[in-house]
Each structure stands twice: as C-alpha cells, then as structure tokens.
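Asks: Return atomic coordinates for the entry below.
(one chain, ligands or ions: 1)
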Amino acid sequence: MNNNSLILALPKGRILKACIPLLEAANIIPEPAFFDADSRLLRFKTNDPGLDIIRVRSFDVATFVAFGTASLGICGSDVLMEFDYPDIYAPLNLDVGRCRLSVAQLANTKDKNLEDPARWSQIRVATKYPNITRRFFAKKGVQADIVNLHGAMELAPVLKLSNLIIDLVDTGSTLKANGLQEVETIVDVSSRLIINRTALKTQSARINALTERFRQTLPPQSIA
Ligand code: PRP
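Replies: As a prediction, the model looks like this:
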C-alpha cells in the first residue's frame, strides 16, 4: 500500500451497489477483490496508485472522514444529519441511495396523529438515529424515550419494545412485511460525496480533481 494514497470510504450494503456505476463513470476502478463478496479485505487498491478504497458501515463512513482517516467518502444524508460533524464538507449530491427517513408504527394502530398530546406520555422510539429522533420530537414539545438499535428496527413495535420506529424506508416492503405503517416522513435521503475539511486544504489539488471526476458524472442540477 502507498501510505500517501488518498482514502475514499464507501458504505457497505445497498448504497455500495449504487456507487459502482458512479465509480466506473468517474474512472475509479477498484481491484478485483472489491467485487468478491467472499473477500475479507477491507482496504482496496484502485487503478489510481494515489487512491485506495475502504469499505465500512454507512455510519462509520462519516466518522472516518470527520477524523480525516479517510479524506473522502460517500455517505447518506441521513448519517450526515445524525452526526452533524463540522469537519465534513459535502459538496455533491450524488443522487444515489434515494429513500426517506420516516416514523412508523404498527399498522393496526388507530391513532395516526403524532401531534396528539394523549400519546406523548408513552412515546418510546426504537432507532439508530438518536439525535435526529430527539430533535424531531423536541420540535413537537415531546421528550421521547429512545431505544438504540442498529438493525431489524421493525421488530421493536411488533415485540412491544417500542411503539414507534424511526428508520429508512425505500419501497416500504420491510414495513409492510412486518405489519407496520408510515406515520410521517422526516426527511428525504440521498448519498453525498463528503470531504474532510482539513484534507481539502492540505491536498486541495488531488481532492478537487477527484471531486471534479464525480461532478462530471452528474447532471448540473444535482450539485448541492
Ligand atoms: C434498510 C432499512 C429498512 C429497509 C427499508 O435496511 O433499515 O429496514 O432498508 O427498505 P424497504 O422500504 O425497501 O423495505 P437495510 O436492508 O439497508 O439493512 P440495515 O438494517 O443493515 O440498515
């Protein structure tokens, strides 16, 4: 590995799949192990000797970039909103990984109104977005009881761990399959190119060139 290489952090899972055509369009070609689902490697070389890729959890992309361990990353706007890291600059909306962050509850719950004060004493929310959740309910004047989960959120209302969840919804099929319904959309989500602000100053030529390669893959109106 070249220790001077820039590191691009990419999220595992479904956003990674959506990123592959983008990488290709930006002429960033990862080594073959990157595409091998059985490979245990986490850091990969690319066709650019000055650029490596790391593959981490979506929330960790923001953390690696905020601390400057990775100079750049691709990260959901949900994660940026949750952490609100001041050291991250997000110049491009890559317009992949589109979904929404929503509040959901059991489909057979009669009351669909979160504004109803009668519900407030019993609002317990399972989520991996504690900060967004706190802010969302604080705006309604409600102090929600938050249960931190990292996946399979939809089980929480079914098993009475919580009465609400705040999670990503794309097609809605996970909610439906688990007997849940959306109550309110908090925000629409898509993936962004993110850059560590210090790296942008110290390695501006290399980072700007890479940003430009991503920018050129997008229609002009996608620039955030
Ligand atoms: C996400 C999210 C929901 C599901 C929604 O999970 O947490 O569970 O997708 O998608 P849908 O509306 O199309 O059913 P994901 O599968 O990405 O895995 P995760 O639990 O590891 O985040």
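
Asks: Which positions in the chain make contact with the ligand?
Replies: Proximity of the chain to the ligand (Cβ under 6 Å from any ligand atom) is limited to residues 13-14, 151, 167-174. For the C-beta atoms, the positions are set from N, CA and C on the backbone; glycine is no exception.

Asks: what's the lowest-mean-pLDDT helix or strand in the chain packed up against?
Replies: Here the helix or strand of the chain ranked lowest by mean pLDDT, DSSP states H and E is helix 14-25, holding a mean of 92. For helix 14-25, the elements it packs on are strand 6-11, strand 72-76, strand 191-196, judged by 3 or more Cβ pairs under 8 Å, 6 or more residues apart in numbering; DSSP states H and E.

Asks: Next, the angle strand 6-11 makes with the shortest one.
Replies: It stands for strand 72-76. 20 degrees (axes from the mean of the first three to the mean of the last three Cα atoms, to 10 degrees).

Asks: tell me the average confidence for strand 72-76?
Replies: For strand 72-76, mean pLDDT rounds to 98.

Asks: neighbouring contacts of that strand?
Replies: With Cβ atoms under 8 Å, 6 or more residues apart in numbering as the test, strand 72-76 has contacts from 6-11, 15, 19, 22, 58, 61-62, 64-65, 90, 94, 97, 168, 189-196, 199, 207, 210-211.

Asks: now the angle between strand 191-196 and it, please.
Replies: Going by the same axes, to 10 degrees, strand 72-76 makes 140 degrees with strand 191-196.

Asks: Give me the next element, helix or strand, following strand 72-76.
Replies: Once strand 72-76 ends, the next helix or strand along the chain (criterion: DSSP states H and E) is helix 77-83.

Asks: helices or strands next to that next one in the packing?
Replies: helix 58-66, strand 88-93, helix 130-139, strand 180-189, strand 191-196.

Asks: so which of those is the most packed in?
Replies: Among the helices and strands packed on helix 77-83, ranked by average contacts under mean count of other Cβ atoms under 10 Å, first place goes to strand 191-196 (a mean of 26).

Asks: Name the residues that touch the helix or strand just after it?
Replies: Downstream of strand 191-196, the first helix or strand assigned by DSSP H and E is helix 197-202. With Cβ under 8 Å, 6+ apart as the test, helix 197-202 has contacts from 6, 68, 71-72, 86-89, 207-208.

Asks: What residues of helix 197-202 count as buried?
Replies: By 16 or more other Cβ atoms under 10 Å, the buried positions in helix 197-202 come out as 199-200.

Asks: Now do the next helix or strand after it, average pLDDT.
Replies: Going down the chain from helix 197-202, the next helix or strand is helix 204-215, by DSSP H and E. For helix 204-215, mean pLDDT rounds to 96.

Asks: quick one, helix 204-215 and strand 6-11 angle?
Replies: Angle of helix 204-215 versus strand 6-11, following the same axes, to 10 degrees, is 40 degrees.

Asks: Tell me, what's the model's pLDDT at Val96?
Replies: If you check Val96, the pLDDT there is 94.

Asks: Make JSON lines out of the helices and strands packed on helix 77-83 and add mean pLDDT and distance to Leu114.
Replies: Below are the helices and strands packed on helix 77-83 laid out as JSON lines (pLDDT from 0 to 100; distance: least, Cβ to Cβ, whole Å):
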{"stretch": "helix 58-66", "mean pLDDT": "97", "distance to Leu114": "25"}
{"stretch": "strand 88-93", "mean pLDDT": "97", "distance to Leu114": "28"}
{"stretch": "helix 130-139", "mean pLDDT": "96", "distance to Leu114": "8"}
{"stretch": "strand 180-189", "mean pLDDT": "97", "distance to Leu114": "6"}
{"stretch": "strand 191-196", "mean pLDDT": "98", "distance to Leu114": "28"}
